[in-house]
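Peer 1: what's the 3D shape of this:
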Amino acid sequence: MERLFSGNLAKVSGLAIGFLLLIAFVFASMAYGITTLSWSDVFHSFTQYDETSNAHIIVQTSRVPRAFTAAAIGASLAVAGALIQGLTRNPLADPNILGINYGASFMIVFAVTQLSISSLPVLTGVSFGGAAAAAIAVYLLGSLGRDGLTPLKIILAGAALSALFSSFTQGMLVLDEQGLNEVMFWLTGSVAGRSMEMLSAVLPMMVAGWIAAMWISRQMNVLTMGEDTAQGLGQRTLLIKLAAGLIIVALAGSSVAVAGPVGFIGLVVPTIARVFSGNDYRWIIPYSALLGAILVLAADIAARLVIRPEELPVGVMTAIIGIPAFIAIARKGIDKK
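Peer 2: Next up is the predicted model:
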């Protein structure tokens, strides 16, 4: 009992430290960019707002929405990645690799270029539909054959569908140059120019996804023991899988709708979270949410500074971070075999 208490106390302390780091990175995101502001300017823009101050206007109209959007999509993609890895029992699974983000992106590009839809609420629904269609297709393709659904087959199915959706997306953009100009920067994954109205349109779905992920975290612990073991313990595995799938679609779809396909967060963050939380999903979920938010904020800050005064899309920076991590995780899995 004493060991359990001390272990939980350490995890709670880690979450507290992570929350403080998150606040620090939010403030840093508001301070640094093409125009560097002091931390006191950022703080005073909340406590003593002066509408004649350029610094205060920059913070409240541009930096605040950008920082909150980066934190929200980072948390959402990381939690979605943790759930996918639990469902597939595969540390290489994430919304990008399984084609879920690409399915959502394809549907949004189709809606923008072919249907001339620009309403964010409508595009959000379209994004959810694309994410759900990709998830179902990956599951069906990965289940083909005698062995049923296996970690390797689901990765191969995801890779194939990612390539298919990406090809269709590029094909539509080649045929529609105006559409190319409208969505190309968005397709690389970006939080630049996002407003609080855009975030507010998807935030309720994100918050609902975070809460639901915590609600099924105990059941995820049982499910990761294996299908037969979970059923032997009385779990309705199909219901838990369906609930987790809906949460993944909601979190990934809402993230893509507001920021485009920001890759590798769902792959890298849950692996880092397990270093602090162990294999208990009651801790993996909150650690993933905090670390995902911090990582996207850090990547966005770096994207603004690395080629200053220009800036890179945050999706480029997360790919630079994620590709070496992907190789390391893959090699670790091979070495274990």
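Peer 1: residue contacts, residue 28?
Peer 2: 297, 301 (CB atoms under 8 Å, 6 or more residues apart in numbering). Every residue, glycine included, has its C-beta placed from N, CA and C.
Peer 1: biggest helix in this structure by residues?
Peer 2: helix 2-31 (DSSP state H).
Peer 1: what residues of that helix count as buried?
Peer 2: For helix 2-31, the buried set under the neighbour-count rule, 16 or more other CB atoms under 10 Å, comprises 11, 14-15, 18, 21-22, 25-31.
Peer 1: which one among those gets closest to residue 168?
Peer 2: residue 29 (34.1 Å; CB to CB).
Peer 1: below-threshold pLDDT in the stretch 51-200 of the chain: ranges please.
Peer 2: In the predicted model of the stretch 51-200 of the chain, residues 147-151, 176-182, 184-186 satisfy pLDDT under 70.
Peer 1: does residue 272 touch residue 292 like I think?
Peer 2: No: under the criterion of CB atoms under 8 Å, residue 272 is not in contact with residue 292, lying 9.4 Å apart.
Peer 1: re the thing from before, what helices or strands is the helix or strand just after the longest helix of the chain leaning on?
Peer 2: Following helix 2-31 in sequence order, the next helix or strand is helix 39-47 (DSSP states H and E). With contacts taken as 3 or more CB pairs under 8 Å, 6 or more residues apart in numbering; DSSP states H and E, helix 39-47 sits against helix 2-31, helix 54-58.
Peer 1: what about the longest one, distance to the chain center?
Peer 2: In other words, helix 2-31. Computed by CA atoms, centre = their mean, to the nearest Å, the chain-centroid distance of helix 2-31 equals 20 Å.
Peer 1: between that helix and helix 39-47, how big is the angle?
Peer 2: Angle, helix 2-31 to helix 39-47, by axes from the mean of the first three to the mean of the last three CA atoms, to 10 degrees: 90 degrees.
Peer 1: with adjacent residues omitted, what lies nearest to residue 248?
Peer 2: The shortest distance from residue 248 to any non-neighbouring residue, by CB to CB, 6 or more residues apart in numbering, is to residue 80 (4.7 Å).
Peer 1: quick one: buried residues of the strand or helix carrying residue 303?
Peer 2: In the assignment (DSSP H and E), residue 303 maps to helix 281-305. The neighbour-count check on helix 281-305 (16+ other CB under 10 Å) flags 281, 283-304 as buried.
Peer 1: same check, this time on stretch 216-226
Peer 2: Buried, per 16+ other CB under 10 Å, within stretch 216-226: 216, 217, 219, 220, 221, 222, 223.
Peer 1: pLDDT of it, averaged?
Peer 2: For stretch 216-226, mean pLDDT is 88.
Peer 1: what sits up against that stretch?
Peer 2: 83, 86-87, 89, 229-230, 233, 235, 237, 240-241, 243-244, 247, 279-282, 284-285.
Peer 1: pull out the buried members of those.
Peer 2: The buried subset of the contacts of stretch 216-226 - by 16+ other CB under 10 Å - is 83, 86-87, 230, 235, 237, 240-241, 243-244, 247, 280-281, 284-285.
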